[in-house]
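# With the sequence up front, the predicted model follows.
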Amino acid sequence: MKELKFAPVQGSEYAAQHDALFYLITALTVFFTLLVGVMILYLLIKYRASNKNVDRSNRIHHHLGLELTWTIIPTILGLGVFFWGMLLYKDSRTSDDNASDIYVVGKQWMWHFQHPNGLRENNELHIPLGRPVKITMISQDVIHALYIPQFRVQFHTIPGRYTTVNFTPNAVGKFNLFCTMHCGAQHSEMGGYVYVMQPDEYDKWLANGGNRFTKKADTMVESGRKLFVENGCVNCHQEKDTYRAPSLKGLIGKIRRMNDGRVLVGNESYIRESILMPYNNVLEGYENVMPVYPFTEEEVTQLVEYIKSLSGVSSEQRDARAASAVGPAKRRDDVAKQNNDANITKQVEATSAEEIHSEVTSEL
Amino acid sequence: MSNVVEKKNQKDSHMEEKNYITTDYTLKSWFITKDHKRIAMLYLVTVLIFFFVGSVAAGFVRFELTSPNGQFLESETYNRMFTAHGVVMIFFFLLVAIPAVLGNFLLPLMIGARDLAFPKLNLLSYYLFLGGALFGVTALVTGGVDTGWTFYTPLSSMYSNSQVVLTLTGAFIAGFSSISTAVNFIVTIHKMRAPGLTWFRLPLFVWAHYATSVIILLGTPVVAITLALVAVERLLHIGVFSPEYGGDPVLFQHMFWFYSHPAVYIMILPAMGVINEVIACFSRNRIFGYKFIAASSLAIAALGFLVWGHHMFVSSESYYQAAFFSLMSFLVAIPSAIKVFNWSATLYKGMIYVTTPMAYAIGFLGLFVIGGLTGLYCSCLATDEHLTGTYFIVAHFHYVMVGGTIMAFLAGIHFWWPKMTGRLYPESWGKIGMLIIFSGFHMTFMPQFIVGFLGMPRRYHYYYFAPEFQIYHVLSTAGAGVLAIGFMIPVVYLILSLKHGAKAPQNPWNAKGLEWEKVDAVPTTHNFHEIPVVNEPAYNYSIDDEPPIEAEKTRLGVVRESN
Amino acid sequence: MANSNHSEGHSHVVPIPVYTKVFIQLLVLMVATVAVAKLAESNKALGDMSYLNNFIAMGIAFTKALLVIMIFMGVKFSTKLTKFYAFLGFVWFSLMFLMFMDYYFRKDEMVTGWSEVPASSLSRSRVVPGS
Amino acid sequence: MAHDAAHLGKQQVYEQFENIDQQNESYLVGMWSFLVTEVMFFGVLLFSYVLYRWQYQDYFYTIHKLLDVNMGAVNTVILLSSSYSMVLAVHFAQIKKRSAQLSALLFTIGCAFGFLIIKYFEYSHKIHAGLVPGPKFVWPAVDNPELMANVPASVAQMFFSLYFAMTGLHGIHVIVGILILGTLSFLVWRKSSLVEDYMITEMIGLYWHFVDLVWIFLFPLFYLMPR
């Protein structure tokens, strides 16, 4: 028989921070439960009706001081817990700049993962130790929720909208992967495992094309490029802006104005919406001429990666830059330093963003 | 119908009026009654049937979970079972149990009125409830629903192959029953109080029901129209909530929880009202901090509408809104804490008789404190990220709803049983039943906290991915067995007491309040022989009050004449 | 009973000319709102000013609603209790617009949301995903 | 207590009430709290409308041109007039001018029918043009295909879903109103003792004004469509 467990393994950096808060609230819960419980039992016994030898004179029925005490103390404690929880939550929801991207499509009833190098996995996810991960998720049917208890993270996977989960695994092992949003008949079978491996083992695993695939698949960028060419996107979206369509180079992070006056930023969601519902966001100065392409969510993620690569920010490129700078070891500080270079390009775009901003504000 | 004057004359000439039960024995007289007490009894029978149905479904669920690979159900059937459990228990039991049964019976008695303001509307609300419930039952019989009681889109609107529309119709109609009851209560409380019964002399039970009614009034229409939109979407394939058609599934969650979180307060506020009455009576003491408790009821009702977002911390709600709702959720806990401390303080210098209702009230405190405090984990953003959607949440809301509402319901049923039926229940059996329910409850739901923290997702049929959860599920199921036995005990002795119970005197507990002091042992159809005039505060107890009836005199088979 | 001896309030009989005046006001407002809308649509010269039609149309709707509630529905002549319930629904309905917070804020946060950026957040545009 | 009742004529005081004042005020509060639920009821739809309009602002603006402003305007005038005749009915009920009350009520019912007839023309036109959301939705709309070509069908469906949901729910309220008003007129015509109490007319009036109130908001939101 397995030994009795009372707490899940702490598999990520966040898990330890989460548990600190968790045990603090547990302490508060136990303390107040005991406080009320002991108080009630003591009063019950002391003032039981059969006990006539107890002073019951001078009863009081209200006492402002007491009321304020037990209003204010719980409020302060509650606010403390609130702020701690809020800050921690913010950390866990913010992705690390160096995080490796992994795309997930949730469908009834499986998880479909794509690594940037094109490797795909179903209901299994292999990741290296110590490397921050940003999972970008979308559902192609109903709402699911990706949940990895050992990492203490969970978020809904919603149709029509990208959501993310961020974590940095810091323990090697096999962890659970669950769907926590009821999604139909086989909801409880929509699960699997997350394998956290030593970085060198992981590199080996990657090089071998994972456990199941002997043949190396196209990277996501390559697959995206193929889709881009095969579907004729390249006819309109060319190197330079044409009268029919804008260039997609440097789209990521760029802030542009639509023909109805809204100002949008180019990110994954923007690209996705422009592919599936091109009529929704038409760039200023262009006509709505792009037809709707019925890509699957997987294909869309590949196109997203490809279009990101045009801006030089696909995961693959970032990894390659990091690798060329510091060799195979992926120490986070080094990667961060490396990434500053990438930021320079973005600074340039940010200035143009500021310009648009001032333009917008002056108009308002 | 006649004028008031004539009524009073009649009463003078018929001093030996029959009580509301004996006034007419025909079945028809029950089914077209406009008497709030009879309607309350109709509700009582109906909700108990639904409690049974919901419990059976829960039994299937618990039994299935004793093995990581399930016992004998298909996953489809399992999903229908837990949905049936949720839908029946919430829409057809918890939301109506205390307001429609105890509230209906007691409000006019407590405020010195002959009936609710709109007796016909009251009867209509019963039939709406019954109609809604029948739709629900039809849905269950013809295949069930598999979406969970939350009906999240697009699963419910586009993907599910079950009786969603029927169930939604049932919930929709039952919603109108709630609304008409709420309108009735509000008007009654505002306009029909006896002379001298000012707001701050009202029993806190009445305050609690007032707050509840306001919530129902403001919340129920929202969920009604939202569910109707889902049904329409299912039938016509239009997309207010479906991303394929440009809609937003998260909007449904906002609208749904806009009502369904306050609905939790619809369940718990009347329960708190009951607890006030019971604790004050059996500690022979005025409720400590009357005004704070009254105000906290209203505070809960108001703040309760500002916390719906805490059900959506991980459903792509924006960070800033999540923070706002988290803050409000911490604040809404404060009024509940105030109530708990005030109840404890009421015991101080009390003359405490631990009768069955009092035992249930203490049990309520024990469970509600745990349920309320575990709410902190769920309103705190960081911990909720891990715990939401797991068995931790399941355990938490069972502690609040079952531990809170059902314990209080049982406390109230026992407390007012003599008034409702004119019979006493056996006191010793009452306490045994309470102890079994209390311990069975902890056995059932304590393991679920642990297994939830370990990461067991809710609504899972199989958990072969993590077989180490099994031990907790087995413990929980064993506890559920104990709980089932516990619930059977009161049902048996209460039914037996109808025939064999000792006759209740007018005021067996020597309690204060119009319903005990100014009304016959079993109230007559129009409750009061003449409208009482109130000139003292509520709960005007003193230590010199007579003790409640002795336990020996309440055994089944002992017949005592009413005084 | 608490309020048994007040019989002014609700049985207040309002003279017909009051109603007629309100009715005429309503009709005038009605004509005004349609006229403004048509003007805003047809007159290109107004250009970007046409968004003002927003405020005018809704402002007129609120005025009309207030006239109906206060005079036709007699809230002006009724007790405080009635007044309370008459406005409770509207106040509470506006609470629902808290939901907008969600849709508005979702655009500019660390959670990848939709892609619209409100002007207020442009200065913080470096938090965009994909960076 | 009973003197009031005697003084005010045959007004019936039900047994749960002490006197006519209490009863009337109870009715009023009850009716208003019912209207609170109605506000929340329409509120949900209104919110959905505002949200999606905010998201698809330009498209909604384009689509709204398919609606006929003139029909909407005429309907608004009709409803306003019916509200006016309704207050007159309440006024005559208060001063017990039964025949005047009856004619005011009949005028109100006539207006309600007028409203429905115009709505019928509007709806049937939309139905013929295939604008009912669902599998048979026709888009771009036949009325103005060039203008509508740029508008995605899903947004148009959303617009018309909301349009039919809100005006439909309002229409149901009008029909219910006609039934209640019809019953009331019948009772007044038969000089039933039930309507001796003007409160019944007053409550039905409140309901009817609420129906008017909803339309006061629906009209600019859908037909004038502020940009």
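Nice, I can see it. Numbering: from 1, shown residues only, chains lettered A, B, ... in the order given.
# and the residue lying closest to residue B:434 once chain neighbours are set aside, how many residues sit next to it?
In space, and not counting its chain neighbours, residue B:434 is closest to residue B:359: 4.5 Å by C-beta to C-beta, 6 or more residues apart in numbering or on different chains. The way it works is simple: take the backbone N, C-alpha and C, and place the C-beta from them, glycine included. Neighbourhood size, residue B:359 [other C-beta atoms under 10 Å in any protein chain shown]: 23.
# Which residue ranges of chain C form helices?
Taking DSSP state H, the helices of chain C run over residues C:16-42, C:52-67, C:80-95, C:98-105.
# Save the ones you listed as CSV, and put in mean pLDDT and mean neighbour count too.
Converted to CSV, the helices of chain C look like this (pLDDT from 0 to 100; neighbours: other C-beta atoms under 10 Å in any protein chain shown):
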stretch, mean pLDDT, mean neighbour count
helix C:16-42, 87, 16
helix C:52-67, 86, 17
helix C:80-95, 86, 17
helix C:98-105, 78, 19
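# out of those, nearest to residue D:39?
The minimum distance between residue D:39 and these falls on helix C:80-95, with 3.2 Å, by C-beta to C-beta.
# which strands and helices sit next to that closest one?
Judged by 3 or more C-beta pairs under 8 Å, 6 or more residues apart in numbering or on different chains; DSSP states H and E, the packing partners of helix C:80-95 are helix B:204-236, helix D:20-55.
# and the stretch 251-364 of chain A, which of its residues are near chain B?
By C-beta under 8 Å from any C-beta of the partner chain, the part of the stretch 251-364 of chain A that sits against chain B consists of residue A:277.
# can you map out the helices along the stretch 251-364 of chain A?
Remark: helices assigned in the stretch 251-364 of chain A by DSSP state H, counting those that start in this stretch are A:268-276, A:297-310, A:315-326, A:332-363.
# If I average pLDDT within each of the ones you listed, which one is lowest?
Of all the helices of the stretch 251-364 of chain A, helix A:332-363 carries the lowest average pLDDT, namely a mean of 42.
# Now do the contacts for residue D:150.
The contact partners of residue D:150, by C-beta atoms under 8 Å, 6 or more residues apart in numbering or on different chains, come to A:279, A:288, D:62.
# in whichever strand or helix holds residue D:156, what counts as buried?
Using DSSP states H and E, the element containing residue D:156 is helix D:153-189. Residues of helix D:153-189 classed as buried: D:153-167, D:169-171, D:173-174, D:177-178, D:180-181, D:184-185, D:187-188 (neighbour count, 16 or more other C-beta atoms under 10 Å in any protein chain shown).
# I'd like to know how far residue A:312 sits from residue A:277.
To residue A:277, residue A:312 is 26 Å away according to C-beta to C-beta, to the nearest Å.
# And for whichever residue of chain A sits closest to chain B, the neighbour number?
Among the residues of chain A, residue A:149 lies closest to chain B, at 2.5 Å counting by C-beta to the nearest C-beta. Residues near residue A:149, counting by other C-beta under 10 Å, number 26.
# Residue 23: how many residues sit nearby?
Answering for chain A, as no chain was given. Number of residues near residue A:23 (other C-beta under 10 Å) recorded here: 11.
# Wait, chain D was what I had in mind.
Per other C-beta under 10 Å, the neighbour tally for residue D:23 reads 22.
# Which residue is the nearest non-sequential neighbour of it?
residue D:17 (4.2 Å).
# what pLDDT does residue A:177 get?
Looking at residue A:177, the pLDDT reads 91.
# And residue A:146, by the same measure?
The predicted local confidence for residue A:146 is 92.
# isn't there a helix covering it?
No - per DSSP: H, G, I helix; E, B strand; the rest coil, residue A:146 lies outside any helix segment and is strand.
# was I right about it contacting residue A:165?
Yes - here residue A:146 lies in contact with residue A:165, judged by C-beta atoms under 8 Å, at a distance of 5.7 Å.
# List, one by one, the residues from chain D near chain A.
D:56-58, D:150-152, D:154.
# rewinding a little: check whether the helix holding residue D:156 comes near chain B.
Yes - using C-beta under 8 Å from any C-beta, helix D:153-189 reaches chain B at D:154-155, D:157-158, D:161-162, D:165.
# So the residue of the stretch 401-550 of chain B found nearest chain C, which state does it fall into?
Relative to chain C, the nearest point of the stretch 401-550 of chain B is residue B:531 (8.3 Å; C-beta to the nearest C-beta). Classification of residue B:531 by three-state DSSP places it in coil.
# which one of the residues of helix D:153-189 next to chain B is nearest residue B:121?
Nearest to residue B:121 among the residues of helix D:153-189 next to chain B is residue D:165, at 27.4 Å by C-beta to C-beta.
# where does the residue nearest to residue D:23 fall, phi/psi-wise?
Phi and psi for residue D:17, reported as degrees, to the nearest 10, are phi -100, psi 160.
# Report pLDDT for it.
At residue D:17, pLDDT is 80.
# quick one on the thing from earlier: make JSON lines out of the helices of chain C and add distance to residue A:45.
Shown next, in JSON lines, are those (distance: least, C-beta to C-beta, whole Å):
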{"stretch": "helix C:16-42", "distance to residue A:45": "69"}
{"stretch": "helix C:52-67", "distance to residue A:45": "61"}
{"stretch": "helix C:80-95", "distance to residue A:45": "46"}
{"stretch": "helix C:98-105", "distance to residue A:45": "48"}
